[in-house]
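K.L.:
Could you work out the structure for the sequence below:
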Amino acid sequence: MLRQDSQDAPLFGEEEDAIGQRKSKIRHPLATFFHLFFRTSAILVYLLCDIFSSRFIACMVTIILLLSCDFWTVKNVSGRLLVGLRWWNQVDADGKSHWLFESRKQIHGQNTPSRAESRIFWLGLIVCPIFWIIFAFSTIFSFKIKWLVVVIMGLVLQCANMYGYIRCKVGGKTNLKKMASSYLGVQIFKQAMKDAGDL
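P.N.:
Down below sits the predicted model:
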């Protein structure tokens, strides 16, 4: 019996490990960097603005510019590259506005986003609006009303991107309703089975 050399043929499971390692690598480091850079910079400038500068207008303009760069980068670059999703508004010939949400078709082994990039994308997309919600409550309770405009701008821009990408991921409005109703149906069924089991 001849023994095959392990260099000629992969051992059982080695092929899957190699594929898993490729999927977890960051393939778009520049897009990943800027996906997080503008978001965290806007948050840091907001937190440190009173310490380094007493000029409100300069701080406000800087934060809004960073938020605008973040909105554009996430919507037009990092969403496409990191997770294969995009959304936009299209106006037809009648003047009606249509929101379009799409995801890249994935062929087996090709065009699949890496796990690391996907995690970074969704983590940045979900965590940063939470910070802006906290900032909104802190500005209201500390009576810093002039900062409320900046915080609302940050919240609106970040939540708009989050909403758009969740719609891309889940699907259209009908898919969102179907998913919610099926989840509700499953929960009611589980509760009914649990109650029947207790009898």
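K.L.:
isn't there a strand covering T62?
P.N.:
No - counting by DSSP: H, G, I helix; E, B strand; the rest coil, T62 is located in no strand; its state is helix.
K.L.:
what sits against it?
P.N.:
45, 49 (Cβ atoms under 8 Å, 6 or more residues apart in numbering). Heads up, the C-betas are built off the backbone N, CA and C, glycines and all.
K.L.:
Could you report the pLDDT at it?
P.N.:
For T62, the pLDDT comes out at 93.
K.L.:
C69 now?
P.N.:
C69 is given a pLDDT of 94.
K.L.:
List the single closest residue to it in space, sequence neighbours excluded.
P.N.:
Excluding the flanking residues, the one nearest C69 by Cβ to Cβ, 6 or more residues apart in numbering is F38, at 4.7 Å.
K.L.:
That neighbour is in contact with D70, isn't it?
P.N.:
Yes - counting by Cβ atoms under 8 Å, F38 does reach D70; the two are 3.5 Å apart.
K.L.:
more crowded one of the two?
P.N.:
D70 (26 against 23; other Cβ atoms under 10 Å).
K.L.:
any idea which element the more buried one lies in?
P.N.:
Assigned by DSSP states H and E, D70 belongs to helix 56-73.
K.L.:
Tell me the helix or strand right after that helix.
P.N.:
For helix 56-73, the following helix or strand on the C-terminal side (DSSP H and E) is strand 85-91.
K.L.:
Show me the strands in this protein, by range?
P.N.:
85-91, 97-103 (DSSP state E).
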